[in-house]
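**Q** Sequence and predicted structure below; questions after.
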Amino acid sequence: MSNDPFLTALGRMGLLQPGESPAIAPLTGGVSSDIVRVDLESGPICIKRALPKLKVQADWHAPIERNQYEIEWMRTAAGIDAQAVPKVLGEDRETGMFAMEFLDGARYPVWKNQLRDGEISLDTARDVGKRIAAIHSRTAGRLDIADKFPTDHIFLPIRLEPYLCATAKKHPDCAARLESLVRVTGATKKALVHGDVSPKNILAGPNGPVFLDAECAWYGDPAFDLAFCLNHLLLKCMWRPQWQTRYLESFDTLATNYLAGVTWKARDDIEERTAHLLPGLFLGRIDGKSPVEYITTDTQRNAVRRVARALLLAPVNSLGGVRAAWQGELAKQQ
Ligand SMILES: Nc1ncnc2c1ncn2[C@@H]1O[C@H](COP(=O)(O)OP(=O)(O)O)[C@@H](O)[C@H]1O
Ligand SMILES: [Mg+2]
């Protein structure tokens, strides 16, 4: 048996031909896992192994069993829209690894890179909204699916705590509001949540957006996914100010298409809860445990803080209201 843990796992997953010894090369871009490309005789595949400690932050730990929930999310999503995820090819629970289809960067560019480079397709924003809404709608109220994601013990410490609770400590006057967002979000059990719908985890493929990195999968509050993704579109306005209008159009397009795709019964409050959560996540990427890497000056940080804090202290109930507050601040900067 091979000493290479990836080869050993490939063997156990039944993905190696007898005597096959493929080349294995690390892929970059991950923060919580080792990801490698394996060139099998049958073609390239990808293996992901969860790490017990995230690379972003010294004290940010997460159990490697999250790998199994990532696979389960991928399988559930594939049953709803097979184009929305890479195909899972095998799993090795013992070592917290799974194998999936390799999606070539030339055909499947990372959405974050496109947004950075000014290639800002409203079709992508639309389809991200539609696909996330479909996954939420089709899993809403499904107790059988809820049973497969008993992941409060992962979601709370790696999503709500670092973004919202850590931020509350830096902004005592907003702490009550942030803690109430944590309570409401944590207690809402409505649909299957991806948990990390960020442009860096979305590939803009020829058949629409493909979602990667579902290791924060949780049966809970769908508003979290929508707010999390929209937050990135707000933040991008600081990264590449010349494309602010386009990012804000992407925000509107994504939100509108998401909301149009929401079909579950108790959906009336989804926009309101997203609008409430969004300023918390916005401030969280400045003063939480995982600050966004491309906002680098105090002037920029203070602009986010001003808008986020104002919206936490005097919440608005619509996503258009959140966007307008940010747009007003951006206009002042110019
Ligand atoms: N199936 C895949 N095909 C090609 N590249 C992939 C695939 N899965 C992940 N990657 C690449 O690896 C990077 C990290 O993967 P991801 O699942 O997001 O790991 P992490 O949890 O460490 O962030 C992605 O941004 C992407 O560039
Ligand atoms: Mg990732």
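**A** Now that the structure is in, tell me what you want to look at. Numbers count the residues shown, from 1 in each chain. Ligands and ions are numbered 1, 2, ... in the order given.
**Q** how about the CA coordinates for stretch 63-72, as CSV?
**A** Presented in CSV, the C-alpha positions along stretch 63-72 are these (Å, rounded to 0.1, in the frame of the first residue of the first chain):
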residue,chain,number,x,y,z
PRO,A,63,-14.0,19.1,13.1
ILE,A,64,-13.0,17.2,10.0
GLU,A,65,-16.3,15.4,10.0
ARG,A,66,-17.5,18.5,8.1
ASN,A,67,-16.2,16.8,5.0
GLN,A,68,-19.0,14.3,5.2
TYR,A,69,-21.6,17.1,5.4
GLU,A,70,-20.0,18.7,2.4
ILE,A,71,-20.4,15.5,0.4
GLU,A,72,-24.0,15.2,1.6
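**Q** chain center to that stretch, what's the gap?
**A** 15 Å (CA atoms, centre = their mean, to the nearest Å).
**Q** same thing with stretch 296-313?
**A** 22 Å.
**Q** Repeat that for stretch 128-139.
**A** With CA atoms, centre = their mean, you get 14 Å for stretch 128-139.
**Q** With just CA atoms, put it into CSV.
**A** C-alpha atoms of stretch 128-139 as CSV (Å, rounded to 0.1, in the frame of the first residue of the first chain):
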residue,chain,number,x,y,z
VAL,A,128,-26.5,32.2,-8.5
GLY,A,129,-29.8,33.6,-7.1
LYS,A,130,-31.9,31.1,-8.9
ARG,A,131,-29.9,28.1,-8.0
ILE,A,132,-29.6,28.9,-4.3
ALA,A,133,-33.3,29.6,-4.2
ALA,A,134,-34.0,26.2,-5.9
ILE,A,135,-31.9,24.4,-3.3
HIS,A,136,-33.5,26.2,-0.5
SER,A,137,-37.0,25.8,-1.8
ARG,A,138,-36.7,22.1,-2.6
THR,A,139,-35.3,21.3,0.9
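**Q** What residues does the stretch 201-334 of the chain have near ligand 2?
**A** When proximity is defined by CB under 5 Å from the ion, the stretch 201-334 of the chain lies next to ligand 2 at Asn201, Asp213. To be clear about C-beta, it is placed using only N, CA and C from the backbone, and glycine gets the same treatment.
**Q** how would you label the one residue in the stretch 201-334 of the chain that gets nearest to ligand 1: helix, strand or coil?
**A** Taking CB to the nearest ligand atom, ligand 1 has its nearest neighbour within the stretch 201-334 of the chain at Asp213, 3.3 Å off. Under DSSP: H, G, I helix; E, B strand; the rest coil, Asp213 falls in the coil class.
**Q** can you start the count at 801 instead of 1 from here on
**A** Sounds good: first residue 801 from here, last item Asp1013.
**Q** so who does the residue nearest to it when sequence neighbours are not counted touch?
**A** Spatial nearest neighbour of Asp1013, excluding adjacent residues (CB to CB, 6 or more residues apart in numbering): Asn1001 at 4.0 Å. Residues in contact with Asn1001 (CB atoms under 8 Å, 6 or more residues apart in numbering) are Phe1011, Leu1012, Asp1013.
**Q** that older thread, you'd agree the residue of the stretch 1001-1134 of the chain closest to ligand 1 is up against Asp996?
**A** Yes: shown here, Asp1013 and Asp996 form a contact pair, counting by CB atoms under 8 Å, at 5.3 Å.
**Q** Okay, now stretch 1059-1075: how far is its last residue from its first?
**A** Stretch 1059-1075 has its terminal residues 12 Å apart, counting by CA to CA, to the nearest Å.
**Q** What is the neighbour count of Trp911?
**A** Look at Trp911: counted by other CB atoms under 10 Å, it has 27 neighbours.
**Q** Against ligand 1, how distant is it?
**A** From Trp911 across to ligand 1, the span is 10 Å (CB to the nearest ligand atom, to the nearest Å).
**Q** How about the contacts made by that residue?
**A** By CB under 8 Å, 6+ apart, the contact set of Trp911 is Thr924, Val928, Pro999, Lys1000, Ile1002, Leu1003, Ala1004, Pro1009.
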